[in-house]
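Trainee: when you get a sec, could you give me coordinates for this:
(one chain, ligands or ions: 2)
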Amino acid sequence: MRYIIPLIVMAATLANSQITKTFGARINQLGYGEQAKKILVYKATDAQAVEFRDLSNGKTALTSPLSAPGVWEYSGETVRKADFSALKKGLYAAYINGNRISDNIVVQNNVYEDVYIAALKWFYYQRASTALSPEFAGKWARAAGHPDTEVYYFPENGKPAGWKISSPKGWYDAGDYGKYIVNSGISVFTLLQLYEHFENEVKKLSLNIPESKSKTPDILEEVRWNLDWMLTMQDTDGGVFHKLTTARFCGHIMPDADTAKRYVVMKTTPATLDFAAVMAQAARIYKPFDAKFSQQALAAAEKAFDWASKNPSIMFKQPDGVFTGQYHHNAETGKDEFLWAATELYITTKKNNYKQAIDTTSFNTHAPWWGDVNFLAVYRLANSKNGFDKNLTKAAQDTLLVVANMLRDEVEKSAYALPVLKWNWVWGSNSVIANNGIVLLNAYYLTKDKRYLDGAQRALDYLLGANPMDISYVSGYGNRTMMDPHHRPSEADGIFEPVPGMLAGGPHEGGQDIKPGNCETNYVQKGKPALSYIDHNCSYASNEVAINWNAPLAYLAGALHFLNNGVKGP
Ligand code: G3I
Ligand code: 9MR
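Mentor: Ligands and ions are numbered 1, 2, ... in the order given. Next comes the predicted model:
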């Protein structure tokens with residue numbers, strides 16, 4: 001979205017837009033399933049109860065006591081909560097002493113269907129090397145950008161003169177037009193896991209993409225767009241290039257206007273292993289639809305693992321002259337990537353050498369993020385159906401439950417009833433919270449203890465409005481939504497609404513984007529990470545979007561949608 005728009009146009013568009021008055025209560029702006037835990041958070045008040053009125057007849061449907069006031073340390077607010085889980089299908093609003101305090105509250109089992117589909121569909125909008133036609137992209141149709149048929153090596157003397165590869169397709173990583181293997185790894189895994197966990201339902205899903213008529217499920221077609229690109233990133237020796245980008249980030253322009261030279265940069269151990277893991281996963285999943293691709297993916301995975309075994313600690317180092325994303329952090333050891341890749345390869349091949357490579361000393365109690373994929377292996381190892389030794393399965397289950405219990409405790413004890421830990425307030429905090437929701441869902445699948453499911457619900461509630469900013473962080477979904485993301489197409493396309501279905505990175509105190517000439521409004525509130533957010537395209541640290549943030553949103557909203565509708569989890 002352009003933020004400088006003639007006032008008249010702006011007023012006309014605003015009249016049609018979704019921005020509405022805020023009533024104060026923090027709830028999930030899309031609503032709740034009938035059986036779901038439903039919690040309302042409101043600023044401290046002397047009142048003792050909240051009345052829920054049925055909007056079809058104006059009558060009181062439920063009166064719920066308010067909890068004792070509590071301070072949420074991450075926003076500094078003193079709030080009280082009311083539980084309205086007892087409300088069944090209908091349309092309601094909350095009142096205190098006769099004054100309305102909430103938006104409309106929808107209770108209906110299908111409330112997350114649209115947002116989960118939109119979160120998945122967004123990956124289509126991120127496609128590199130192709131035009132988006134109005135048939136599939138509506139008003140966000142655009143010209144093709146980045147053919148990537150001629151991609152060079154950086155530094156240019158690092159390979160024989162004239163060396164280049166063709167590396168088309170793939171998804172743009174985020175608000176920029178780079179393509180990064182490390183981030184593709186966890187994103188692809190998460191989307192494919194949604195397919196694996198709810199196969200019968202997800203199979204039927206139509207995303208309205210160019211491949212929708214094929215026999216392969218749409219979600220697999222969309223992911224294939226990125227897997228095809230990833231395959232081109234493997235060098236002949238098996239190592240995988242870390243990223244494909246220009247030397248510098250381009251301006252706020254459309255894809256076709258960014259014509260600067262593109263490079264692949266370095267082969268690294270983490271990129272190669274993340275590649276191996278998702279190729280091994282894909283080999284299983286795509287087998288019934290495309291046996292040839294399945295074989296190709298598995299061969300690529302094995303070759304990559306082999307390269308990494310011979311080159312176990314080549315970490316990314318940004319070369320002089322390159323300024324795009326790094327997807328590297330100083331604590332990186334590569335051990336978590338070995339664990340994950342070996343786990344996936346063992347499940348696919350049942351070969352002993354992979355089993356032997358499973359080293360659980362890298363188990364830790366962090367939900368997954370691009371910089372630590374150990375938990376992706378934990379999910380696999382904790383599932384007894386995957387055929388690992390009993391002790392190993394038990395150890396993974398224990399690890400899963402340690403994290404799930406920490407999160408559940410926060411839901412049960414914190415003033416906002418949210419599954420959020422102190423370390424979660426980082427760049428991309430919303431994705432950390434989404435991944436926390438997925439940890440809780442996995443604990444629910446394992447134990448069938450509904451308290452974990454309730455915690456996962458709270459993670460989604462937070463993203464869709466039950467937060468101190470009183471905003472839905474997902475573009476296009478909610479009453480007050482994120483409108484001005486750091487997302488080049490949304491900034492440059494001249495269309496008021498941003499591309500729909502995108503999750504903003506979210507609040508934290510880092511403020512890395514606040515500098516002279518960029519984001520000069522200091523939006524960071526010291527000591528209050530949950531309030532340190534600005535809905536402005538200047539804010540790449542709090543309001544960018546990214547594939548590894550949308551993937552857990554799609555999983556979480558999708559899984560809760562299916563569970564609300566009575567589908568049994570995995
Ligand atoms: O790991 C440390 C932690 O120990 C410390 O307590 C915490 C305090 O802030 O920082 C943690 O490191 C942060 C790291 O992410 C992990 O959360 C860094 O400060 C933070 O700068 C870093 O942010 C990354 C950002 O790139 C800058 O490198 C984001 O995770 C990552 O999602 C983001 O990715 C970018 C790509 O590079 C380029 N494309 C867009 C994409 C999204 O913004
Ligand atoms: O657009 C870039 C975004 O994808 C990255 O996350 C961010 C941090 O690496 O950088 C953004 O690009 C900015 C660059 O770092 C500094 N000049 C302004 C660029 C766009 O606003």
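
Trainee: list the contacts for residue 220?
Mentor: Going by CB atoms under 8 Å, 6 or more residues apart in numbering, residue 220 touches 192, 195, 285-286, 289. Where you see a C-beta, it was placed from the backbone N, CA and C, and this is true even at glycine.

Trainee: and what about it, helix, strand or coil?
Mentor: Under DSSP: H, G, I helix; E, B strand; the rest coil, the three-state class of residue 220 is helix.

Trainee: mind checking how far it is from residue 45?
Mentor: Per CB to CB, to the nearest Å, residue 220 is found 50 Å from residue 45.

Trainee: then residue 340?
Mentor: Separation of residue 340 from residue 45 (CB to CB): 48 Å.

Trainee: try residue 342
Mentor: 54 Å.

Trainee: more neighbours: which of those two?
Mentor: residue 342 (26 against 16; other CB atoms under 10 Å).

Trainee: show me what the helix or strand hosting that one is packed up against.
Mentor: Element membership for residue 342, per DSSP states H and E: helix 335-349. Secondary-structure packing of helix 335-349 (3 or more CB pairs under 8 Å, 6 or more residues apart in numbering; DSSP states H and E): helix 269-286, helix 291-310, helix 352-356, helix 374-382.

Trainee: so which of those is the most packed in?
Mentor: helix 269-286 (a mean of 28; mean count of other CB atoms under 10 Å).

Trainee: so which residues on this protein come close to ligand 1?
Mentor: Listed as neighbours of ligand 1 in the chain under the rule CB under 6 Å from any ligand atom: 173-174, 176, 178, 325-327, 329, 371, 426-428, 510, 512, 540, 544, 546.

Trainee: how about the contacts made by residue 323?
Mentor: Neighbours of residue 323 in contact, by CB under 8 Å, 6+ apart: 247-249.

Trainee: for these, pick the one with the most neighbours.
Mentor: Counting by other CB under 10 Å, top hit in these: residue 249 with 18 neighbours.

Trainee: returning to that earlier point: just put the helices and strands packed on helix 335-349 in JSON lines and tack on mean pLDDT.
Mentor: Shown next, in JSON lines, are the helices and strands packed on helix 335-349 (pLDDT from 0 to 100):
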{"stretch": "helix 269-286", "mean pLDDT": "98"}
{"stretch": "helix 291-310", "mean pLDDT": "98"}
{"stretch": "helix 352-356", "mean pLDDT": "96"}
{"stretch": "helix 374-382", "mean pLDDT": "97"}
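
Trainee: now those as JSON lines including distance to residue 444?
Mentor: Compiled in JSON lines, those are given as follows (distance: least, CB to CB, whole Å):
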{"stretch": "helix 269-286", "distance to residue 444": "22"}
{"stretch": "helix 291-310", "distance to residue 444": "30"}
{"stretch": "helix 352-356", "distance to residue 444": "28"}
{"stretch": "helix 374-382", "distance to residue 444": "12"}
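
Trainee: neighbours of residue 46, how many?
Mentor: 8.

Trainee: what's the separation between it and residue 69?
Mentor: Residue 46 is 10 Å from residue 69, by CB to CB.

Trainee: ok, residue 481 next?
Mentor: On the measure of CB to CB, residue 481 and residue 69 end up 29 Å apart.

Trainee: wait, what's in contact with residue 570?
Mentor: Neighbour list for residue 570: 196-198, 383, 445 [criterion: CB under 8 Å, 6+ apart].

Trainee: buried subset of those as a ChimeraX selection?
Mentor: Those of those that count as buried under 16 or more other CB atoms under 10 Å are selected in ChimeraX with:
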select :197,198,383,445
